[in-house]
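S.K.: mind folding the following:
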Amino acid sequence: MAVDLEITPKSKRAPGEPCCEPVAYPEVERQAAVRMAGVAKALGDPVRLQLVDVLRRHAGKVCVCELVPLFDLSQPTVSHHLKVLREAGILGSERQGLWAYYYVMPGALEGLAEWLSPECCEPAVSTTCGCSTDAPD
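M.R.: Next up is the predicted model:
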């Protein structure tokens, strides 16, 4: 079975000329992407995700001494995970004597949650996710 193909020689494109059009442009602005990546990275550890889950479901502040028995980890290791979550802006803390009490920062996960939702970049939706709805055509 013979196939008739026309072969054309390759031509060089001019310097700086793109090889093809982008499939899509990013709608998340750079600063928002950096912020969301930090949150996602902090949540990328199973222990941290579980810590946020416990604190999210608890209405108030939780002492680190109450969190340690929930995990098969030492108190310094749990404190390290809490520090990473605090530095990512997910948790807040308050010292009372020897102990630190942790809580989920209000709105800390809204931007990431909104961006992950299917309605994120529709014009009628809020802009806490950091999307730019006026991407280049």
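
S.K.: what residues are up against A42?
M.R.: With contact set as C-beta atoms under 8 Å, 6 or more residues apart in numbering, A42 has these partners: R48, V84, L85, E87, A88, I90. Using the backbone N, CA and C atoms, a C-beta is placed for each residue, glycine as well.

S.K.: for C63, that is, sorry about that
M.R.: If you count contacts by C-beta under 8 Å, 6+ apart, C63 has them with W99, A100, Y101.

S.K.: burial measure for the second one, as a count.
M.R.: This means A100. Per other C-beta atoms under 10 Å, the neighbour tally for A100 reads 18.

S.K.: which of the contacts of A42 count as buried?
M.R.: Among those, those classed as buried by 16 or more other C-beta atoms under 10 Å are R48, V84, L85, A88, I90.

S.K.: ok, now how distant is E94 from G60?
M.R.: 11 Å (C-beta to C-beta, to the nearest Å).

S.K.: joint contacts of those two?
M.R.: Y103.

S.K.: comparing these two, which residue is more hemmed in?
M.R.: Relative neighbour count places E94 above the other of E94 and G60, with 10 against 7, counting by other C-beta under 10 Å.

S.K.: could I have the CA atoms of the helix or strand harbouring the more buried one written out in PDB?
M.R.: For E94, the host element (DSSP states H and E) is strand 91-96. Only the C-alpha atoms of strand 91-96 are listed here, as PDB (Å, rounded to 0.1, in the frame of the first residue of the first chain):
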ATOM      1  CA  LEU A  91      -2.300  29.200  60.500                       C
ATOM      2  CA  GLY A  92      -2.000  31.800  63.100                       C
ATOM      3  CA  SER A  93      -0.700  31.300  66.600                       C
ATOM      4  CA  GLU A  94      -0.900  32.900  70.000                       C
ATOM      5  CA  ARG A  95       1.500  32.200  73.000                       C
ATOM      6  CA  GLN A  96       0.000  31.700  76.400                       C
END
